[in-house]
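Colleague: Below is the sequence, then the predicted model.
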Amino acid sequence: MRILIVSDAWYPQVNGVVRTISRLSDELRAMGQIVRVVGPHLFRTVPCPTYPEIRLSILPGREMSRLIAEFRPDAIHIVTEGPLGLAARRWAIRNGRCFTTSFHTRFPEYIRARTGLSTRLPYRFLRWFHAAAALTLVPTPSMLGELNDRGFRHLECWTRGVDADRFRPGTTGHDWQALHGVPGPYLLSVGRVAVEKNLTAFLDLDLPGTRIVVGDGPDRAELAARYPGVVFTGYLDGADLAAAYAASDVFVFPSLTDTFGLVILEALSCGLPVAAFDVTGPRDILPPGVSAVGAIGPDLRTNILAALKGDRAACRAHAARFSWDSCARMFLDAIVRAQRVDG
């Protein structure tokens, strides 16, 4: 198949959407599919207000039409609801073409966290956007249930994977004591440093050892100034990121708004127990309550202290249930079925 994937999130952005689409594209190509990713790098862009790392494409309709006509796709999949997603959606409807979408990000909750505005109108827009798709792929069962309750239809689960060769226990390269002169236990959080990630719920806690935040974002400078005892490393990738996981004692995931949480799988694959709230994402990956691979529940501090007693071998085994190969095969099966139903 010739598969066109349209995403407003693409390199050089660093987030779960980009990592998912990048790895999905690689896996599909390894299966013999022909894949083209259309992202902001192919268009004139401007920085997103309050979030300049994100680039928004300017009037992409004509160029989108040209790119689609040039590629001649058998299947069109739209990843995001931004300018490029809207342009691809408009083209498909005008030309009577079937397309699929996926739901990756709770933008209504992000908007509320940044502005205090209600989620009602943003969710109305998202329902309208995805309603025209033959199928909308959702990362977890709990997210599917939530969207179904909000009036979304034609939903199907599409899980994620982890690179078990890259993210593994015993990866060397990081020694928090040697690098920063800080004591253990080492409590690690990885992700975008922004208000919607709820980092202060972690950083405000009275905990033993040292809290470490890996990642970058609009709130990094302000949080680093407010919490001088916390180690902020900035962005890490590849072997450096794997080593950071492997050198830590607990992975803390304080977010209440993620739809999955790829970093949870990466941490587990490195043998790192996870502490998180019992919300969409963590509850779909981790067993309920306290287990050998971590703890989820309403009290983050209690979860962190419980996760310190986790079993690193059990964490690694739990992560092995998730693979990028399975993720790609689920995606391919879904878009093939969508084309058949539409036809």
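Modeller: Structure's in. What do you need?

Colleague: Let's test this: name the helix or strand in this protein with the lowest mean pLDDT.
Modeller: Least confident helix or strand of the chain, by mean pLDDT, DSSP states H and E, is strand 51-57 with a mean of 82.

Colleague: and it, what other elements does it pack with?
Modeller: Contact partners of strand 51-57 among helices and strands, from 3 or more C-beta pairs under 8 Å, 6 or more residues apart in numbering; DSSP states H and E: strand 45-48, helix 83-94. From N, CA and C alone the C-beta is placed, and that goes for glycine too.

Colleague: what separates stretch 230-244 from the chain centre, distance-wise?
Modeller: The chain centre lies 17 Å from the centre of stretch 230-244; the measure is C-alpha atoms, centre = their mean, to the nearest Å.

Colleague: What of stretch 300-309?
Modeller: Computed by C-alpha atoms, centre = their mean, the separation of stretch 300-309 from the middle of its chain amounts to 23 Å.

Colleague: Buried residues, it. List them.
Modeller: For stretch 300-309, the neighbour count (16 or more other C-beta atoms under 10 Å) marks 300, 303, 304, 305, 306, 307, 308 as buried.

Colleague: tell me the contacts of the fourth one?
Modeller: Remark: with contacts taken as C-beta atoms under 8 Å, 6 or more residues apart in numbering, residue 305 is in contact with residue 207.

Colleague: Distance check, it against residue 185.
Modeller: 10 Å (C-beta to C-beta, to the nearest Å).

Colleague: Can you check which helix is longest in the protein?
Modeller: Longest helix of the chain, by residue count under DSSP state H: helix 324-342.

Colleague: what packs against that one?
Modeller: Contacts defined by 3+ C-beta pairs under 8 Å, 6+ apart place helix 324-342 against helix 16-30, strand 75-78, strand 100-102, strand 135-138.

Colleague: okay, those in a markdown table with mean pLDDT and mean neighbour count next?
Modeller: Converted to a markdown table, the helices and strands packed on helix 324-342 look like this (pLDDT from 0 to 100; neighbours: other C-beta atoms under 10 Å):
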| stretch | mean pLDDT | mean neighbour count |
| --- | --- | --- |
| helix 16-30 | 96 | 18 |
| strand 75-78 | 98 | 26 |
| strand 100-102 | 98 | 26 |
| strand 135-138 | 98 | 24 |
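
Colleague: Can you show me the CA trace of the longest helix of the chain as PDB?
Modeller: Extracted in PDB, the C-alpha atoms of helix 324-342 (Å, rounded to 0.1, in the frame of the first residue of the first chain):
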ATOM      1  CA  TRP A 324       6.300  -1.700  17.800                       C
ATOM      2  CA  ASP A 325       5.800  -4.600  15.400                       C
ATOM      3  CA  SER A 326       2.300  -5.300  17.000                       C
ATOM      4  CA  CYS A 327       1.500  -1.600  16.900                       C
ATOM      5  CA  ALA A 328       2.300  -1.400  13.200                       C
ATOM      6  CA  ARG A 329       0.300  -4.500  12.400                       C
ATOM      7  CA  MET A 330      -2.700  -3.200  14.300                       C
ATOM      8  CA  PHE A 331      -2.500   0.100  12.400                       C
ATOM      9  CA  LEU A 332      -2.200  -1.600   9.000                       C
ATOM     10  CA  ASP A 333      -5.100  -4.000   9.700                       C
ATOM     11  CA  ALA A 334      -7.300  -1.000  10.700                       C
ATOM     12  CA  ILE A 335      -6.600   1.100   7.600                       C
ATOM     13  CA  VAL A 336      -7.100  -1.800   5.300                       C
ATOM     14  CA  ARG A 337     -10.500  -2.600   6.900                       C
ATOM     15  CA  ALA A 338     -11.400   1.000   6.700                       C
ATOM     16  CA  GLN A 339     -10.800   1.000   2.900                       C
ATOM     17  CA  ARG A 340     -12.800  -2.100   2.400                       C
ATOM     18  CA  VAL A 341     -15.800  -0.800   4.400                       C
ATOM     19  CA  ASP A 342     -15.700   2.500   2.500                       C
END
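
Colleague: quick one: buried residues of that helix?
Modeller: 324, 327, 328, 330, 331, 332, 334, 335, 338, 339.

Colleague: cool, and stretch 272-288?
Modeller: 272-277, 279-286.

Colleague: and the least confident helix or strand of the chain, how far from the chain's centre?
Modeller: For strand 51-57, the distance to the chain centre is 17 Å (C-alpha atoms, centre = their mean).
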